[in-house]
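Trainee: this is the structure alone, sequence omitted:
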Ligand SMILES: [Zn+2]
């Protein structure tokens, strides 16, 4: 998951000191990567003996790098080793089309504080980033943390992002947010590194690290919300593509003579299954509705709303099938607001995927509802901040490792 470290130990390579240091690093890395492990699991994850693990854990507890918590797993009590709270916190931020969510978490992946705030439609970058910065500082104060305890921020945006610059890579998708190094601007305000990423990509990362795609090396996350997108995790790593637009299934053309999309192309999937299209379809029969109304009524059993969501599922499924044929993932996880309708959306989506994808009887493709719901994107931002921050064996943090 992380690039191998350069050994900066001045002692002779292979000496007792450098070996012990290498083992400590290996152990801290494993604890961080999995959020928390028992000593037996740590031995399995690092290849070290349980005796060595026990000795190193004692040293690391004394140094304040790790701590232990008693947990109960299937009725059995176990001591889990986690990175100590004093090492620091990370923040996950999701800027949606209509809301802002900020979550503070520690390195054991425990959420310590979170808050949501509505945003006006077509919100602008300057006010948006001001709100993000204020909310993060406010949450830090609430948990009694100093600003320098914040080690990294992950930011989820509803647009394709070039991860090298932290800029939106397709103009016009998030109006008013083009041409700005969003990561740099926020990083300056908070005096901490900020990692910017597309929200569907982060949903994919979250479901892989904490949710329904846990244990799957290759997975697709589909985000059916106001817009439609997908994120890819290949070989346990986020696959962004060259310019950060991998998985943009919302902008796959499905009706060549269809309406012009906000991306400038014509007849994109999003012009058929995006919120604007779905609400328009219901206007005559149901009057003006919001996407939340449609979801609530579909869950309650309203036939018109169910039909609109189900048809969207089938259209999205056909696009996902093309993507799945190209990359052969182990599972497709469906998230975004529309997935709150469960099988109303996912049933037809699964059927369309399985009808169009190359059949594989040995390892059939699974299509499942996400476990993290609408928290997937913000938890993905937390995962990105955690993956981008390395913890050294003395408990200090090092930023800049690629997820
Ligand atoms: Zn488009």
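Mentor: The structure has been received and is ready for your questions. Everything numeric here is computed off the predicted structure, so don't read it as measured data.
Trainee: residues from the chain in reach of the ion?
Mentor: Proximity of the chain to the ion, by CB under 5 Å from the ion, involves residues 251, 261, 263, 265, 268. Placement of C-beta: from N, CA and C, glycine included.
Trainee: who does the last one form a beta bridge with?
Mentor: Following DSSP bridges, residue 268 is listed with bridge partners residue 253.
Trainee: hang on, it packs against residue 254?
Mentor: Yes: the pair residue 268 / residue 254 is scored as a contact, 7.3 Å apart, by CB atoms under 8 Å.
Trainee: between those two, which one's more packed in?
Mentor: residue 268 (27 against 16; other CB atoms under 10 Å).
Trainee: before we move on, the earlier item: the residues of the chain next to the ion in strands, which ones?
Mentor: Among the residues of the chain next to the ion, no member is found in strands (DSSP state E).
Trainee: buried subset of those, written for PyMOL?
Mentor: To isolate the buried ones among these in PyMOL, judged by 16 or more other CB atoms under 10 Å, type:
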select buried, resi 251+261+263+268
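Trainee: is it possible to export the residues of the chain next to the ion to JSON lines including pLDDT?
Mentor: Shown next, in JSON lines, are the residues of the chain next to the ion (pLDDT from 0 to 100):
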{"residue": "251", "pLDDT": "92"}
{"residue": "261", "pLDDT": "91"}
{"residue": "263", "pLDDT": "82"}
{"residue": "265", "pLDDT": "91"}
{"residue": "268", "pLDDT": "95"}
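Trainee: closest to residue 170 out of the residues of the chain next to the ion?
Mentor: residue 263 (6.1 Å; CB to CB).
Trainee: sheet partners, orientation included, of the helix or strand where residue 78 lies?
Mentor: Element membership for residue 78, per DSSP states H and E: strand 76-83. Applying DSSP bridges to the sheet, strand 76-83 is found paired with strand 37-38 (antiparallel), strand 66-73 (antiparallel).
Trainee: most neighbours per residue, which of those strands?
Mentor: Mean neighbours per residue, mean count of other CB atoms under 10 Å, is largest over the strands paired with strand 76-83 for strand 37-38, with a mean of 18.
Trainee: hang on, the earlier thing: just so I know, which of the strands paired with strand 76-83 lies nearest residue 143?
Mentor: Judging the strands paired with strand 76-83 by CB to CB, what sits closest to residue 143 is strand 66-73, at 16.8 Å.
Trainee: distance of residue 97 from residue 24?
Mentor: Look at residue 97 and residue 24: by CB to CB, to the nearest Å, they are 45 Å apart.
Trainee: comparing those two, which residue is more hemmed in?
Mentor: Set side by side, residue 97 and residue 24 show more neighbours around residue 24, with 19 against 15, by other CB under 10 Å.
Trainee: and that one, what does it touch?
Mentor: 56, 59-60, 393 (CB atoms under 8 Å, 6 or more residues apart in numbering).
Trainee: ok now the helix or strand harbouring it, how far from the chain's centre?
Mentor: For residue 24, the host element (DSSP H and E) is helix 16-34. Relative to its chain's centre, helix 16-34 lies at 26 Å (CA atoms, centre = their mean, to the nearest Å).
Trainee: then stretch 387-403?
Mentor: With CA atoms, centre = their mean, you get 18 Å for stretch 387-403.
Trainee: next, the buried residues of it.
Mentor: So stretch 387-403, judged by 16+ other CB under 10 Å, has buried residues 387-393, 395, 397, 403.
Trainee: of those residues, closest to the ion?
Mentor: The closest of the buried residues of stretch 387-403 to the ion turns out to be residue 403 (CB to the ion; 26.6 Å).
Trainee: low pLDDT regions in this structure?
Mentor: The model of the chain has pLDDT under 70 over residues 1-14, 73, 122-123, 172-175, 400-403.
Trainee: helix or strand: which one has the residue nearest to residue 211 when sequence neighbours are not counted?
Mentor: Nearest residue to residue 211, sequence neighbours excluded (CB to CB, 6 or more residues apart in numbering): residue 371, at 4.0 Å. Under the criterion DSSP H and E, no helix or strand holds residue 371.
Trainee: right, I'll leave it there.
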